[in-house]
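**Q** Sharing a model prediction with you, sequence too.
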Amino acid sequence: SEMCIRDSYKHRLSTGISLGVLNRRFNYAAATVMNPNDAQVLANAVNGTSVDFSGGLDYQYKNLHVGASMLQGLNNSMSFINPNDTTSIQFINTRHWIFTASYRFELGAAEQKNRLYIEPVFLGRQVQGLPFQAEGTVLFGMKNIGWLGAGYRSSNTETATSAISITAGVEINSRVLAAYTCLLYTS
């Protein structure tokens, strides 16, 4: 069967790429701003469109996963022009790098269908001009059923705060998962 063939491979490399169109729309008239006279605040709603791509790699060896992905790969910008007085601002789609690693420690006999496991997961995020941000989560689960977990995210001191989170998920089938993560504390 396909499952026996897939399970016999020790190394797997997966890749993905996406090409798309981004549209950003800002309704400045409805925004609450600290300084309404700021040159970066336009009087009307504006929008901009650009083409962009993202891509990623995931390497798996047995229960180890290591991955890297890039979002907003073209690092391009959009100009938002106020039609009333032709003032404009630039919005830059800054490139994001995301690095992941996880290892699943399975407990119990290998022939058990619903083995218990513990899986530490690491995620690192690098955005140009911002400090590196790290997340760590530990999942406790039952194979083919679901998981519960808790995690911590560091602050990058600019756009995201540190946080403590809990997560839960279920495996609907071998290709579909449903999960929810809740932030318990942010600072």
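**A** Right, received. Where do you want to start?

**Q** Tell me where the protein has strands.
**A** 11-27, 45-61, 64-71, 77-81, 88-92, 96-103, 105-107, 116-127, 133-142, 146-153, 163-173, 176-186 (DSSP state E).

**Q** mind giving me TSV with these and columns for mean pLDDT, mean neighbour count and distance to residue 33?
**A** (Each C-beta comes from the backbone N, C-alpha and C, glycine too.) Compiled in TSV, these are given as follows (pLDDT from 0 to 100; neighbours: other CB atoms under 10 Å; distance: least, CB to CB, whole Å):
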stretch	mean pLDDT	mean neighbour count	distance to residue 33
strand 11-27	86	11	11
strand 45-61	86	15	14
strand 64-71	96	16	27
strand 77-81	69	15	15
strand 88-92	70	14	13
strand 96-103	96	16	26
strand 105-107	93	12	50
strand 116-127	95	16	23
strand 133-142	96	17	26
strand 146-153	96	17	28
strand 163-173	95	14	26
strand 176-186	91	11	23
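
**Q** Compare these and give me the one nearest residue 37.
**A** Across the strands of the chain, residue 37 has its closest neighbour in strand 88-92 (14.3 Å, CB to CB).

**Q** residues near residue 144, how many?
**A** Neighbour count of residue 144, defined by other CB atoms under 10 Å: 11.
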